[in-house]
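Enquirer: Got a sequence here, can you build the structure:
(one chain, ligands or ions: 1)
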Amino acid sequence: MSARPLLMIPGPIELADETLAALGSPGPSHLDPELIELFGRSLEDIRTLFGSADAQPFLVSGSGTLAMEMALHALVAPGHSVLVVDTGYFSERMAKMVERLGARAEKLSARAPGSAPSPGELEHALSAGAFDAVTLTHVDTSTGVRLDVAAFSEVAHRLGVPVLLDGVCSAFGETIEQDAWHLDAVLTASQKALAAPPGLALLTLSRAALARLESRATRCPSLYLDALEWLPVMRAYEARKPAYFATPPVHLVRAVAQSLSRVRREGMGARVSRHAEVAKTFRAGLRNLGLPLVAEETLASNTISGVYYPEGVDAALVGALRKRGYVVAGGLVPSIASCYFRVGHMGETGLPEIERFLSALGDSLAELRSR
Ligand SMILES: *Cc1c(COP(=O)(O)O)cnc(C)c1O
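Expert: Numbers count the residues shown, from 1 in each chain. Down below sits the predicted model:
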């Protein structure tokens with residue numbers, strides 16, 4: 001066991017040595033050819049790895065919450081109506097953002113934590129109103145529920161409603177096909193399955209979404225959140241030219257470029273399969289220990305699991321795991337928060353780490369039950 005505890009939370013997560021090393025050298029200027037090359041290459045990687053040939057990528061200083069809000073402002077204007085497919089904590093956050101920007105949010109909520117609305121229910125809800133956008137949380141970090149984005153976006157596309165995908169807890173651990181799935185906006189953050197430090201928001205707008213934004217009568221009320229303010233900078237960097245709107249975190253850009261190139265070398269297909277394998281092994285281990293998942297079995301994600309405490313065990317389990325060198329997260333859905341914990345299995349976390357973690361989990365349960 002290493003002296004330093006292993007991060008098995010939904011971000012920040014463990015970093016590869018080469019990503020860490022990228023943080024440790026003196027920063028280039030944001031106008032330096034080295035930085036421009038890394039930035040430009042990262043934008044190309046984001047577009048390709050999100051499954052698009054021509055979407056406009058953005059790499060902006062901020063967390064996943066910034067990415068959510070920036071993407072939302074690109075698709076939605078005051079007075080619009082937005083259908084929020086609600087699978088947990090971060091869908092609730094999206095609904096709040098919709099209301100803050102002066103649009104109307106209607107939620108299509110899961111019946112219970114761990115379940116999800118069906119594409120048929122989405123069709124019904126979208127047909128019953130006039131919506132300007134629908135938002136989906138690919139993997140909800142609070143429950144570990146994964147939506148079948150292809151099926152949901154097929155419905156929305158058929159009904160002509162733009163789709164915003166919150167991929168903060170899924171991108172680089174689950175398949176995302178922006179073009180094939182007709183996604184207007186896709187977003188994530190650096191610290192989850194990309195395995196880079198927190199601090200950068202990654203997002204892409206489809207060409208159609210960008211064209212609608214450019215022809216909109218009113219501008220985004222916030223300068224920083226306005227994708228059109230960032231657009232010239234992103235285009236310049238991709239053309240390997242210097243540009244400035246707001247100072248990029250140059251060390252983080254280096255680290256993210258490194259993590260993106262690791263993903264590129266592994267291959268997105270191989271990376272998603274590896275995550276699926278790790279998740280399957282973890283769930284089998286949970287079954288052996290008699291621990292039920294929060295997510296319905298068919299909705300369980302590759303990247304995170306919500307796990308109910310067994311009878312007679314409580315949040316002391318989180319402390320017992322910490323003593324054994326593992327940091328996991330507590331419950332987040334208010335109605336069941338004290339009944340479950342969450343384990344992230346993404347990025348650099350592989351089968352050896354999961355096997356060791358399962359063994360520590362078994363030991364921790366035994367310790368708590370013998371109290
Ligand atoms: C973590 C997360 C967010 C918020 O990201 P921050 O970087 O914490 O702001 C949003 N949506 C989902 C699905 C997440 O997992």
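Enquirer: is the nearest residue to residue 249 once chain neighbours are set aside in a bridge, and if so with what?
Expert: In this structure, residue 249 finds its nearest non-sequential neighbour in residue 61, 5.2 Å apart by CB to CB, 6 or more residues apart in numbering. C-beta: built from backbone N, CA, C; applies to glycine. Taking DSSP bridges as the rule, residue 61 bridges to residue 200.
Enquirer: Give me the distance between residue 288 and residue 282.
Expert: Separation of residue 288 from residue 282 (CB to CB, to the nearest Å): 11 Å.
Enquirer: Overlap in contacts, the two.
Expert: Counting by CB atoms under 8 Å, 6 or more residues apart in numbering, the shared contacts of residue 288 and residue 282 are residue 358.
Enquirer: Neighbour count: these two, which is higher?
Expert: Using other CB atoms under 10 Å as the criterion, residue 288 and residue 282 rank with residue 282 on top: 24 against 10.
Enquirer: Check which element follows the helix or strand harbouring that one along the chain.
Expert: Here residue 282, judged by DSSP states H and E, is contained in helix 268-289. The helix or strand immediately downstream of helix 268-289 is strand 304-308, counting by DSSP H and E.
Enquirer: For the helix or strand just after that following strand, name the packing helices and strands.
Expert: Following strand 304-308 in sequence order, the next helix or strand is helix 316-323 (DSSP H and E). Identification of packing neighbours for helix 316-323 by 3 or more CB pairs under 8 Å, 6 or more residues apart in numbering; DSSP states H and E yields helix 351-369.
Enquirer: helices or strands up against the helix it packs on?
Expert: helix 268-289, helix 316-323.
Enquirer: Next, the angle from the shortest one to strand 304-308.
Expert: Helix 316-323 runs at 130 degrees relative to strand 304-308, counting by axes from the mean of the first three to the mean of the last three CA atoms, to 10 degrees.
Enquirer: rewinding a little: just checking, what packs against the helix holding residue 282?
Expert: Secondary elements touching helix 268-289 (3+ CB pairs under 8 Å, 6+ apart): strand 304-308, helix 351-369.
Enquirer: What are the phi and psi values at residue 136?
Expert: Backbone torsions for residue 136, taken as degrees, to the nearest 10, come to phi -130, psi 140.
Enquirer: From residue 333, how far off is it?
Expert: 18 Å.
Enquirer: the more surrounded of these two?
Expert: For the pair residue 136 and residue 333, the greater number of neighbours falls to residue 136 (26 against 21), based on other CB under 10 Å.
Enquirer: For residue 116, see how far away the more buried one is.
Expert: Look at residue 136 and residue 116: by CB to CB, they are 10 Å apart.
Enquirer: Which residues are in contact with each of those two?
Expert: 85, 147.
Enquirer: List, one by one, the residues from the chain near the ligand.
Expert: Contact residues, the chain versus the ligand (CB under 6 Å from any ligand atom): 10-11, 63-65, 68, 90, 137, 141, 166, 168-169, 189.
Enquirer: 5 Å - rerun?
Expert: The chain comes close to the ligand at residues 63, 64, 65, 90, 141, 166, 168, 169, 189, as judged by CB under 5 Å from any ligand atom.
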